[in-house]
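In: could you look at this predicted model? Sequence included:
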Amino acid sequence: MLNAAPSSFVLLPSFAKIVCEPGWKWQKREKPMQNYDLFYVWSGEGEVVLNGAAYPVGAGSCFLFRPGDHPTATHHPQKPLVLTYIHFDVSEPVRDVPDSYRVLGLGDRIDFEFLLARYVRLFLVRTYAAEEEARLILKQLMIHLLRHDREEPVERKASNQLTESIHEVANYIRQHPGTAHRVDDLAARAGLSPRYFSIKFKELIGMSVQTYMIRTRIERAQHLLLHAGMNVTEVADALGYRDIFFFSRQFKQYTGKSPSEIR
């Protein structure tokens, strides 16, 4: 559904996040599915049978049932399924439809579950422009599924952990712009060797660690000069510059203007 515009998603009234009753079961109907149904398990244990194939389900199990499918489901009464289902249609021809089944890992679930919860909540409180936002969320959910389906599980897990580690360090640098960070210490924070950390940091962030630290410091300097009422000397001192002339040269190198011009 990568080609489908958000406006082409047809919202249907069948959606909810529910705790299934102990005696719940989804029986086979005479007619197949008439629309798409995004079916996600938050917790519990059970089994889904889709077109004759059985799948054990638990936390992170995710199905995208399609028109024409014949799904059935049962669950463990002592471990009831907590699930979200969202029925929808698409008003234009689609390609790149996500796979029918996958299990999302912990790293994949955070954003996905936020989007699912947001979708349901939009209509519980009838938020302004709820339908417009819901279509955008459906598009995002489909992108998440397609991305998951097209990556190798082992590679994806390692990649997600590495990406999260690098971005956590980048965020740490941004939160402490005046600190003289050592690459060795930052690498240790990410659990990587300094050399590998430097390579992956540049690959994922788009610049070297040193350049990122300088840019972050200069961006903070711009903010302090423009909005905090601090003079050039105070800003240089706050951000760890011992030489105000060096600060001014570096500032102009990255902004094209001297600190006094900004202020």
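Out: Nice, I can see it. Residues are numbered from 1 along each chain as shown.
In: pull out the buried residues from stretch 249-256.
Out: Burial within stretch 249-256, assessed by neighbour count using 16 or more other Cβ atoms under 10 Å, is assigned to Gln250, Phe251. (C-beta placed from N, C-alpha, C; glycine too.)
In: again with stretch 101-121
Out: Of the residues in stretch 101-121, Tyr101, Arg102, Val103, Leu104, Asp108, Arg109, Phe112, Glu113, Leu116, Tyr119, Val120 count as buried by neighbour count, 16+ other Cβ under 10 Å.
In: contacting residues around that stretch?
Out: If you take Cβ atoms under 8 Å, 6 or more residues apart in numbering as the criterion, stretch 101-121 is touched by 15-17, 40, 42, 48, 50, 55, 60-64, 84, 86, 127, 133-134, 137-138, 140-141, 144-145, 148-149, 153, 156-157, 160-161, 164.
In: quick one: low-confidence parts of the protein?
Out: Using pLDDT under 70 as the threshold, the predicted model of the chain has low-confidence ranges 151-160, 263.
In: which residue packs closest to Ile166, ignoring adjacent ones?
Out: Leu204 (4.8 Å; Cβ to Cβ, 6 or more residues apart in numbering).
In: ok, that neighbour to Arg215 distance?
Out: Leu204 sits 15 Å away from Arg215 when distances are taken as Cβ to Cβ, to the nearest Å.
In: hang on, the earlier thing: I'd like the buried residues of stretch 101-121 as a markdown table, with distance to Lys25 and secondary structure appended.
Out: Formatted as a markdown table, the entries for the buried residues of stretch 101-121 read as follows, by distance: Cβ to Cβ, whole Å; DSSP: H, G, I helix; E, B strand; the rest coil:
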| residue | distance to Lys25 | secondary structure |
| --- | --- | --- |
| Tyr101 | 19 | strand |
| Arg102 | 23 | strand |
| Val103 | 22 | strand |
| Leu104 | 24 | coil |
| Asp108 | 28 | helix |
| Arg109 | 25 | helix |
| Phe112 | 26 | helix |
| Glu113 | 25 | helix |
| Leu116 | 23 | helix |
| Tyr119 | 25 | helix |
| Val120 | 23 | helix |
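In: relative to Thr211, which of these is nearest.
Out: Relative to Thr211, the closest of these is Asp108; by Cβ to Cβ it sits at 30.9 Å.
In: would you check how far apart that closest one and Val94 are?
Out: 22 Å.
In: CA atoms only: put stretch 249-263 into PDB for me.
Out: Below are the C-alpha coordinates for stretch 249-263, written out as PDB (Å, rounded to 0.1, in the frame of the first residue of the first chain):
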ATOM      1  CA  ARG A 249      35.900  32.400  14.400                       C
ATOM      2  CA  GLN A 250      34.200  29.000  14.800                       C
ATOM      3  CA  PHE A 251      30.800  30.700  15.100                       C
ATOM      4  CA  LYS A 252      31.300  32.600  11.800                       C
ATOM      5  CA  GLN A 253      32.700  29.500  10.100                       C
ATOM      6  CA  TYR A 254      29.400  27.600  10.800                       C
ATOM      7  CA  THR A 255      26.900  30.500  10.500                       C
ATOM      8  CA  GLY A 256      28.500  32.900   8.100                       C
ATOM      9  CA  LYS A 257      28.100  35.700  10.700                       C
ATOM     10  CA  SER A 258      29.900  36.800  13.800                       C
ATOM     11  CA  PRO A 259      28.300  36.400  17.200                       C
ATOM     12  CA  SER A 260      27.900  40.100  17.600                       C
ATOM     13  CA  GLU A 261      26.000  40.300  14.300                       C
ATOM     14  CA  ILE A 262      23.500  37.600  15.500                       C
ATOM     15  CA  ARG A 263      22.900  39.400  18.800                       C
END
